[in-house]
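S.K.: When you get a sec, could you give me coordinates for this:
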Amino acid sequence: MRIARVTLVAAVCTAAAVALAGCGSDTADGQQHTHTGSDDHQVIEPLSPQQIDADDTAITAMGMILSWQPAIDESKADALIRATAYLGGGLLAVAESGTRTEVRPDTDWQQWAASKDALSATCVRADSTPAAPEGMRTLVIDVTCTQTVLHASGRSTRLTPQLWRTTVTRTDDGWRLTDYRFQQ
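M.R.: Residues are numbered from 1 along each chain as shown. This is a model prediction of the structure:
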């Protein structure tokens, strides 16, 4: 009986909190404004590489590889290291080596670093992905990635989408990105 009352009180309190949260506020001019949005900056963790398919592996890995923090990162190799969980083969060996291999610098890297800008990439499967026979352990997946420059001022600039040809390989522990190449 006591548990039922505690549950009822909790439900009533929750309903009241939800109702009050939806209320707007009156301003000096008598108009009511409803506040929307959130300043909650939670990090959205990507799915575990053991739980996603080949497409999502290519999309997730390339999104991480093309997301840069020039003010913090020594080079683009730091993004590759952040994607280690999604990598296999030679890419994994490079990421685990910890060395800053020669990565072609972006022409705007120094400017972004000086401005404390960051780049966030979003990727999607491209229609140009070649068909693969059922049961293949190595697949070629084309992804279109769009980088957005997140300026320290709060503005953002979307860059031209780029097509990347990726190779993913099935392992005993899930799919892993083993190669990627920029497509013209």
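S.K.: For burial, what's the neighbour tally of residue 85?
M.R.: Summarising burial for residue 85: neighbours were counted as other C-beta atoms under 10 Å, giving 17. Glycine gets a C-beta too; all of them are placed from N, C-alpha and C.
S.K.: for it, what are its contacts?
M.R.: Residues near residue 85 by C-beta atoms under 8 Å, 6 or more residues apart in numbering: 48, 49.
S.K.: which SS state does it fall under?
M.R.: Applying DSSP: H, G, I helix; E, B strand; the rest coil to residue 85 yields a three-state assignment of helix.
S.K.: Distance check, it against residue 173.
M.R.: With the distance defined as C-beta to C-beta, to the nearest Å, residue 85 ends up 10 Å from residue 173.
S.K.: Name the residues contacting each of those two.
M.R.: In terms of C-beta under 8 Å, 6+ apart, residue 85 and residue 173 are both contacted by the residues residue 49.
S.K.: quick one: the helices in this protein?
M.R.: 2-21, 54-65, 77-82, 89-97, 109-115 (DSSP state H).
S.K.: low-scoring stretches of this structure, by residue?
M.R.: Across the chain, the stretches falling below the confidence threshold (pLDDT under 70) are 1-46, 100-103.
S.K.: Check it for its longest strand and report it.
M.R.: Here the longest strand in the chain is taken by residue count, with DSSP state E as the criterion, and it is strand 138-150.
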